[in-house]
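Participant: any chance you could fold what I've pasted below:
(chains A and B)
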Amino acid sequence: DGGITQSPKYLFRKEGQNVTLSCEQNLNHDAMYWYRQDPGQGLRLIYYSQIVNDFQKGDIAEGYSVSREKKESFPLTVTSAQKNPTAFYLCASSLGQSNTGELFFGEGSRLTVL
Amino acid sequence: GDSVTQMEGPVTLSEEAFLTINCTYTATGYPSLFWYVQYPGEGLQLLLKATKADDKGSNKGFEATYRKETTSFHLEKGSVQVSDSAVYFCALRGDGGATNKLIFGTGTLLAVQP
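Facilitator: Purely as a prediction, here's the structure:
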């Protein structure tokens, strides 16, 4: 089935460690996004990429990094510089040239810093 | 900048009750408006959308009308079911945006009791 796969679903990290969250899509979508979800704050955009080898910062990019070497993959690294990394992370994709505005989401990765 | 404000939850209703979740927005021009739903433990799914003033989006018994004069996009359903229990997010895509970056509200938790 076509869709977006995020892994791992749950991740625990010690302070000072970097961690990478995986996001893979087989929808042939051009654009991919990373959002962070916190209770009472909704979703906030971390990074997005409209095409391979290009990406832009969202509203809360500090302490995060991404790469887009392949169309299907958009991994997110949470670095030790991120002051409050415990959150639920959602990856999404969309047709880059589409005007529908529809995003397709993965099931999310919950990161807990111990 | 653009923003979305939606009513705080949780909203607790009995089965077959009428549902309204308020959503208002601030944006220049004519944004596209969306409602997404997040069931427990899952990512978000598009519920409905409207792309111009006076459009009505509808899906699964839910409706929302794009009201330019009141900058609102309230979600309604005539008779809720237990299976509608979820978090509902209102979102907008800015007018003229070259991407599908969405701005989300904080989400409203709906709990439907049998």
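
Participant: which residue packs closest to the residue in chain B positioned nearest to chain A, ignoring adjacent ones?
Facilitator: Sorted by distance to chain A under CB to the nearest CB, the residues of chain B start with residue B:43, at 3.3 Å. In short, each C-beta sits where N, CA and C put it, glycine included. Leaving aside its sequence neighbours, residue B:43 sits nearest to residue A:105 (CB to CB, 6 or more residues apart in numbering or on different chains; 3.3 Å).

Participant: surely that neighbour meets residue A:5?
Facilitator: No: judged on CB atoms under 8 Å, residue A:105 makes no contact with residue A:5 at a distance of 11.3 Å.

Participant: just to revisit the earlier point, what's near enough to touch the residue of chain B closest to chain A?
Facilitator: A:4, A:6, A:90, A:92, A:105-108 (CB atoms under 8 Å, 6 or more residues apart in numbering or on different chains).

Participant: which phi and psi does it have?
Facilitator: Geometry field for residue B:43 lists phi and psi as phi -80, psi -170, criterion degrees, to the nearest 10.

Participant: which pLDDT value does the model give it?
Facilitator: At residue B:43, the pLDDT value in this model is 87.

Participant: with the one 3 residues further on instead?
Facilitator: The pLDDT attached to residue B:46 in the predicted structure is 94.

Participant: ok, it - contacts?
Facilitator: Contact criterion CB under 8 Å, 6+ apart gives A:102-103, B:34-36 as the residues in contact with residue B:46.

Participant: chain B: strands as residue ranges?
Facilitator: For chain B, the strands defined by DSSP state E cover B:3-6, B:11-14, B:19-21, B:23-26, B:32-38, B:44-50, B:56-59, B:62-65, B:75-77, B:86-93, B:103-104, B:108-113.

Participant: just the residues contacting the fifth one, thanks.
Facilitator: Meaning strand B:32-38. Contact with strand B:32-38 is made by A:101-103, B:23, B:25, B:44-51, B:57, B:62, B:64, B:66, B:73, B:75, B:86-93, B:102, B:104, B:107, as judged by CB under 8 Å, 6+ apart.

Participant: so which residues on chain A come close to chain B?
Facilitator: Residues of chain A found near chain B, taking CB under 8 Å from any CB of the partner chain as the criterion, are A:4, A:6, A:31, A:33, A:35, A:40-45, A:48, A:50, A:58, A:90, A:92, A:94-96, A:98-103, A:105-108.

Participant: what about the least confident helix or strand in chain B by mean pLDDT, near chain A?
Facilitator: Lowest by mean pLDDT, DSSP states H and E among the helices and strands of chain B is strand B:103-104, with a mean of 91. Yes: using CB under 8 Å from any CB, we find that strand B:103-104 touches chain A at residue B:104.

Participant: which strands and helices sit next to that strand?
Facilitator: Using 3 or more CB pairs under 8 Å, 6 or more residues apart in numbering or on different chains; DSSP states H and E as the contact criterion, the secondary-structure elements in contact with strand B:103-104 are strand A:42-51, strand B:3-6, strand B:86-93.
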